[in-house]
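[1] Here is a sequence with its predicted model. Questions after.
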Amino acid sequence: MLPPANPILYRPNVAAILQREDGKILVAERINIPGAWQFPQGGVDDGENTEQALFRELAEEIGVRRELLTILAVRDGYRYAFPKGRLKYGIYGGQEQTYFLCRYSGTDSDINLKATHQEFASFRWIEPREFQLDWTPKFKRAVYRQVMHDFFQLDLE
């Protein structure tokens, strides 16, 4: 008989869907993977709650200031495991995400992809229905499918 497998430890993570008044949402292209578009996201640091992590991550990744954002909706419990048993920081086998839908009141000039450590090569605004699952890695697609259903009542194929 085999010993029980070690359960996956999920790293707390936040993700942001920025939405302009016209309904379009921001997607950003990963700098190291051309054609891979996603929402800004990042880990929750020790001592932070998810809202604090959200505002810190958006400032770090895309240079967006807190005063340009209004949280419209929050949903949590989205999980994905990293492929091939990969571990982040030697212990996390996946991420558990809290998604925030935020009204963005800034302009494109308020977005700075080089704010700290650049993760994205470019960004664009799309209608939610334009989002393509094949922009994301396979191991994240179930989460993106559920997020788009939960926030926009879209069933992506």
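    Perfect, thanks for sending it.
[2] is it true that Gln41 touches Ile17?
    No - the criterion here is Cβ atoms under 8 Å, and Gln41 misses it with Ile17 at 10.1 Å. Every C-beta, even on glycine, is put in place using the N, C-alpha and C of the backbone.
[3] From the contact counts, what lies against the lengthiest strand in the chain?
    Ranked by residue count and defined by DSSP state E, the top strand of the chain is strand 69-81. Other helices and strands packing on strand 69-81, by 3 or more Cβ pairs under 8 Å, 6 or more residues apart in numbering; DSSP states H and E, are strand 10-19, helix 50-62, strand 94-104, helix 141-152.
[4] Run through who's touching that strand.
    Here strand 69-81 makes contact (Cβ atoms under 8 Å, 6 or more residues apart in numbering) with 8, 10, 15, 18-19, 50-51, 54-55, 58, 93-105, 139-140, 142-143, 146-147, 150-151.
[5] Recalculate using a threshold of 7 Å.
    Contact with strand 69-81 is made by 8, 10, 93-104, 139-140, 142-143, 146-147, 150-151, as judged by Cβ atoms under 7 Å, 6 or more residues apart in numbering.
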